[in-house]
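In: Build me a model:
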Amino acid sequence: MQKTELPFIREMFDKIAPRYDLLNHLLSLGQDILWRKALASELNVSGKGRVLDVACGTGDIGMEILRREKSEVNVFGLDFSINMLMLASKKIKGKSKESRFHLSAGNAFYIPFKDNTFDAVTIAFGIRNIGDKLSALKSFHNSLKHGGMLLILELNTPKKGLLLNSYLLYFKKILPLIGWLFSKNLAAYQYLPDSVINFPRPEKFADIMIKANFSNVRWKGLTSGVVNLFIGHKK
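Out: Model (predicted):
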């Protein structure tokens, strides 16, 4: 099983970074904003808590968390794409909570922090790009303090029916063309639907979380099940 995030994925994200935010909004029809808000609303971190956002991209999850938190929570954004981190740094620069947003290079298998450091770990639309999901989840578990929580947002293939047919038509035919028009990277937006279709069903992924020693694992579907929000806790 692959225990490093594949180099071609890092190269792909480096290339599409300049258009990443625009395409996220466009291809999700603006729903990505609501999905991030849903994750942040489930977060339960108080005082001067620490949140690790893995595969942080351009920093939108971290910024949403800081917008919602009235306490002195610190967010640590981690990503293997230097171009994504540069864009995240530009986005947060000058904001009132800039000092509480910390960016680092790294990935799910090589988290540059001591174990038992964080009150919560988040990852949005990144877990499907990791081959060895169990090892990554164990790494997240190790990073959490006792009682800490893991929140995962990930795209999902709807169940059979008209919604599935429409979803597959959009995802496999229309989305790659739109992605290519704006980013000139057809391969990246051909990879996206394949990675989503091959992602485990929510029941199976929840089982993997349990195998990684998370307890009270649950998930809920968003936007008619197009996205799932998974939640688990460290015992």
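In: how near is the most centrally placed residue in the chain to K37?
Out: The residue at the geometric middle of the chain, judged as the C-alpha nearest the mean C-alpha position with CA atoms, centre = their mean, is A124 (1.4 Å). Look at A124 and K37: by CB to CB, to the nearest Å, they are 11 Å apart. Yep, even glycine has a C-beta here, placed from its N, CA and C like the rest.
In: just K15 next, same as before
Out: Look at K15 and K37: by CB to CB, they are 28 Å apart.
In: Same check on S224?
Out: Applying CB to CB, the value for S224 to K37 is 17 Å.
In: before we move on, back to that, K15 and K37: who's more crowded?
Out: Counted by other CB atoms under 10 Å, K15 and K37 do not tie: K15 has more neighbours, with 17 against 12.
In: Over to stretch 60-75 now: how far is its first residue from its last?
Out: End-to-end distance of stretch 60-75: 11 Å, with CA to CA, to the nearest Å as the criterion.
In: Counting neighbours, what do you get for S143?
Out: For S143, the number of neighbouring residues by other CB under 10 Å comes to 25.
In: let me fix that: T117
Out: Taking other CB under 10 Å as the neighbour definition, T117 ends up with a count of 16.
In: Find me the pLDDT at it, would you?
Out: Confidence per residue is given as pLDDT, and for T117 that number is 97.
In: Isn't it up against N142?
Out: No. Taking contacts as CB atoms under 8 Å, T117 lies outside contact range of N142: 9.4 Å.
In: Right, I'll call it a day here.
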